[in-house]
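Undergrad: next come a sequence and a model predicted from it.
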Amino acid sequence: MTLEMRFTALVLAGDRARDDPLAGTFPGRKALLDINGRPMISYVLDAVEGAQAVSDVYVVANQVKDIEQGLIKCGRDVKRTRFLEGGVSPVNSVLKTVETLKPAFPVLVLTADNPLLTPKAIDDFCHQARAEEGADVAFALAEMSRLRAEFPGGRRTFVKLKGEGYSGCNLYALLNLKALNAARFWLKVEADRKKTFAMVAGFGFGTLIRVITRTITLEEALVRASKVLGAVVRPVLVEEVRIAIDVDRVKQAELVRNILKKEA
C-alpha cells in the first residue's frame, strides 16, 4: 500500500460512569479497563500501529490526558500516539477532530473498546474500503450466522435483514469530504445507536417497516441510506468476525479476556 493511500486513524475512547463495572482501573475511564494485565486500549493501539494501512494515530477523548497518563503508568510507549480532546459525543468528536486537524483523507475511525482487533483485520478492511468504487463511507459488518457459529451464546445487537443479519464492528472509513455529510446526519440518531429500530427509523418509516418485516436486503437498505445521508455508503463484510465483539458488558469483557488468554 502506497504512502498516499494510508489512513489517519482516530481511536475514540469514550467514558463510563464511575460506578459502572466497565469504568476501568482509573475511575470513569473505560479505555483503561484491565484486560489480562493491560489497559484495553493498548490492544487497540497495538493493532492500529501494526497496520500497514495506517499512518498517524490519534486517541480522541474527553480529558484525554487521563488516558495518556494511564497508558504511561502501565508502561506503554506512547511516542507514536497523539492525544486530542474530543467532543460531547462520538460523532461530534470525529467532526471536531477532522475540522481541527484537516487531515488528508482517508480517515479510519475505530473505538478503544475493541481489543480483539488485529493489524491484518485493519489492513483488510482498509484495502476493501478503498476498493469500493464510488464510495464515500465504508463500514465493517460481521454476518450474524458466522458470528453465532463461532461464538454461540454471546449477546450482540443485530440488524436482521432479508437473507442475513449483521452486527457492526465499530470500524469506519471516511474516504473523502462527502463522508462528513453522513457524520453530520448521524448526530441526529446517535443517541439511538444501540436501539436498532429507533436508529433505522431515522432513515424513514418505509425503511423501518421493511427492516421489521425483513423484506429489504443489505444492498437495498444502503441505497436508501445513501440518499438520506448525502454520501454513498458501502459495507465491508469482515473475515475476522470476532472484531464485532466490543466490550460493552461484563460478560463480553470476560469473553475477550478468555480469547486473548488462549492466544497468549
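TA: Received the coordinates, thanks. Everything numeric in this text was worked out from a predicted model, so none of it was measured.

Undergrad: for the rest of this, base every contact and every neighbour count on C-alpha atoms.
TA: Will do.

Undergrad: quick one, helices of the stretch 1-150 of the chain?
TA: For the stretch 1-150 of the chain, applying DSSP state H, counting those that start in this stretch gives helices covering 40-50, 64-73, 90-101, 119-131, 144-150.

Undergrad: between the ones you listed, which one is nearest to E164?
TA: helix 144-150 (6.8 Å; Cα to Cα).

Undergrad: helix or strand right after the closest one?
TA: strand 159-161 (DSSP states H and E).

Undergrad: elements contacting that next one?
TA: strand 164-174, helix 205-212 (3 or more Cα pairs under 8 Å, 6 or more residues apart in numbering; DSSP states H and E).

Undergrad: confidence-wise, which of these is weakest overall?
TA: Here the lowest mean pLDDT among the helices and strands packed on strand 159-161 goes to helix 205-212, at a mean of 45.

Undergrad: and whichever helix or strand comes after that helix, what does it pack against?
TA: Sequence order places helix 218-229 as the next helix or strand after helix 205-212, per DSSP H and E. Helix 218-229 makes packing contacts with helix 179-189, strand 233-237 when contacts are defined by 3+ Cα pairs under 8 Å, 6+ apart.

Undergrad: mind listing what's buried along helix 218-229?
TA: Within helix 218-229, the residues scored as buried using 16 or more other Cα atoms under 10 Å are L218, A221, L222, A225, S226, V228, L229.

Undergrad: grab the nearest non-local neighbour of the fifth one.
TA: Same thing as S226. V232 (4.8 Å; Cα to Cα, 6 or more residues apart in numbering).

Undergrad: contacts only, for that neighbour.
TA: Counting by Cα atoms under 8 Å, 6 or more residues apart in numbering, V232 makes contact with G134, A135, D136, V137, A179, V223, S226.

Undergrad: rerun at 6 Å
TA: V232 makes contact with A135, D136, S226 under the criterion Cα atoms under 6 Å, 6 or more residues apart in numbering.

Undergrad: can you put those in JSON lines and add distance to L108?
TA: Formatted as JSON lines, these follow (distance: Cα to Cα, whole Å):
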{"residue": "A135", "distance to L108": "14"}
{"residue": "D136", "distance to L108": "12"}
{"residue": "S226", "distance to L108": "19"}
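
Undergrad: out of the residues you listed, who's nearest F105?
TA: D136 (10.4 Å).

Undergrad: burial measure for the closest one, as a count.
TA: 25 (other Cα atoms under 10 Å).

Undergrad: do I72 as well
TA: I72 has 12 neighbouring residues, counting by other Cα under 10 Å.

Undergrad: do the same with F105
TA: When neighbours are counted by other Cα under 10 Å, F105 registers 18.

Undergrad: ok, the one 3 residues further on next?
TA: A total of 25 residues lie near L108 under the criterion other Cα under 10 Å.

Undergrad: enumerate every residue touching it.
TA: Contacts of L108 by Cα under 6 Å, 6+ apart are F7, T8, A9, Y172, A173.
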